[in-house]
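> What would the 3D arrangement of this be:
(one chain, ligands or ions: 1)
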Amino acid sequence: MSERFYSDAALYDRLFPGGVQAVDFYRAAADRQGGCVLELGCGTGQKLIPIASDGHPCVGLELSPHMLAEARRKADERRVEVEWVQGDMREFDLGRSFDLVFVAANSLLHLHEADDLVGCFRSVRRHLAPGARLVFDVFNPSVRMLAQADGVRRRRDALSFVDPDRGVVHVDVAETYDAAAQVTRGTWYFSTATEADFAVAPLEIRSIFPQELPLLLSLGGLRVVERFGTWSRTRLTADAPLQLYVCEAN
Ligand SMILES: C[S@@+](CC[C@H](N)C(=O)[O-])C[C@H]1O[C@@H](n2cnc3c(N)ncnc32)[C@H](O)[C@@H]1O
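Down below sits the predicted model:
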């Protein structure tokens with residue numbers, strides 16, 4: 001349902017240029033673990049290309065051929081070697097193990113069913129070398145924020161960006177929250193001063209609440225070693241922006 005959102009990978013990179021703190025966090029995790037790194041839902045390689053440039057053998061698994069093509073183009077441009085694999089993180093078999101598996105920037109929230117999440121965690125478990133870790137970040141859902149998703153189209157000024165060809169791009173979003181499914185269903189509208197809605201794409205993102213995650217992980221054969229609420233490793237509290245998990249095999 002969100003495939004169209006990722007069909008213009010260059011637009012994605014301008015909309016979400018990737019936070020320095022997030023890149024540094026995953027780079028440090030790769031350095032700490034040493035060895036081989038696998039990113040699931042790697043997108044255009046915002047985190048994986050810097051990690052590969054640090055000297056780690058890296059594999060990026062990604063569903064969207066458009067995101068993967070942009071990742072490959074950027075890595076080639078920077079002369080960085082990464083093995084790019086088109087695949088589905090719900091169930092995969094790469095036939096080898098890794099020292100760090102990570103899932104960054106809410107990619108896990110594209111898995112809406114509990115079975116999909118458990119399937120993903122089981123696949124991760126099968127790919128963990130002895131002592132390896134799974135690290136991932138998802139947003140920390142606040143009921144107040146979810147309740148604001150009332151279906152009304154609104155401008156998100158903080159998301160405006162400059163496209164070298166089009167100029168300033170404004171972003172509007174209309175969202176509703178399906179509480180039974182725990183899924184926020186949005187439509188994203190991209191416009192310039194001269195071209196209204198030149199791109200319109202649906203985006204559906206699940207919420208995973210903090211008490212759910214240890215259970216889902218344990219069904220996948222994993223356990224939580226540490227969890228944080230920010231990139232600077234502070235505690236996961238009610239108003240923390242993030243849920244950042246470090247896990248290992250059970
Ligand atoms: C929010 S982007 C994050 C990309 C990247 N991790 C980053 O940090 O920039 C989510 C990515 O997950 C990918 N994705 C969604 N469902 C997937 C699946 N089932 N298997 C693999 N990748 C998936 C999307 O195509 C998209 O590239």
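
> Now Val23, what are its backbone angles?
phi -60, psi -50 (degrees, to the nearest 10).

> Isn't it up against Leu48?
No - if you go by C-beta atoms under 8 Å, Val23 and Leu48 don't touch, sitting 9.8 Å apart. All C-beta atoms are positioned from the backbone trio N, CA, C, and that covers glycine.

> More neighbours: which of the two?
The residue with more neighbours, out of Val23 and Leu48, is Leu48; 29 against 18, by other C-beta atoms under 10 Å.

> which residues touch the lowest-mean-pLDDT helix or strand in the chain?
Across the helices and strands of the chain, mean confidence by mean pLDDT, DSSP states H and E is lowest for helix 143-147: a mean of 91. Helix 143-147 has contacts (C-beta atoms under 8 Å, 6 or more residues apart in numbering) with Tyr177, Ala179, Thr184, Ser207.

> If you count neighbours, what's buried in it?
Of the residues in helix 143-147, none count as buried by neighbour count, 16 or more other C-beta atoms under 10 Å.

> Restrict it to CA atoms and write it as CSV.
The C-alpha trace of helix 143-147 is given here as CSV (Å, rounded to 0.1, in the frame of the first residue of the first chain):
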residue,chain,number,x,y,z
VAL,A,143,-2.2,8.5,22.0
ARG,A,144,-2.5,12.3,21.8
MET,A,145,-0.6,12.4,18.5
LEU,A,146,-2.5,9.5,17.0
ALA,A,147,-5.8,11.1,18.0
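
> quick one: is stretch 234-244 near the ligand?
No - using C-beta under 6 Å from any ligand atom, stretch 234-244 stays clear of the ligand, coming no nearer than 12.9 Å.

> how far does that stretch stretch from start to finish?
End-to-end distance for stretch 234-244, by C-alpha to C-alpha, to the nearest Å: 10 Å.

> Also stretch 88-95?
15 Å.

> same deal with stretch 93-104?
Terminal residues of stretch 93-104 are spaced 20 Å apart (C-alpha to C-alpha).

> That one: how far from the chain's middle?
Chain-centre distance of stretch 93-104: 15 Å, with C-alpha atoms, centre = their mean, to the nearest Å.

> Spatially nearest residue to the residue of the chain found nearest the ligand (excluding sequence neighbours)?
Going by C-beta to the nearest ligand atom, the ligand is nearest to Gly43 of the chain, at 2.6 Å. Nearest residue to Gly43 in three dimensions, chain neighbours excluded: Met67, at 4.9 Å (C-beta to C-beta, 6 or more residues apart in numbering).
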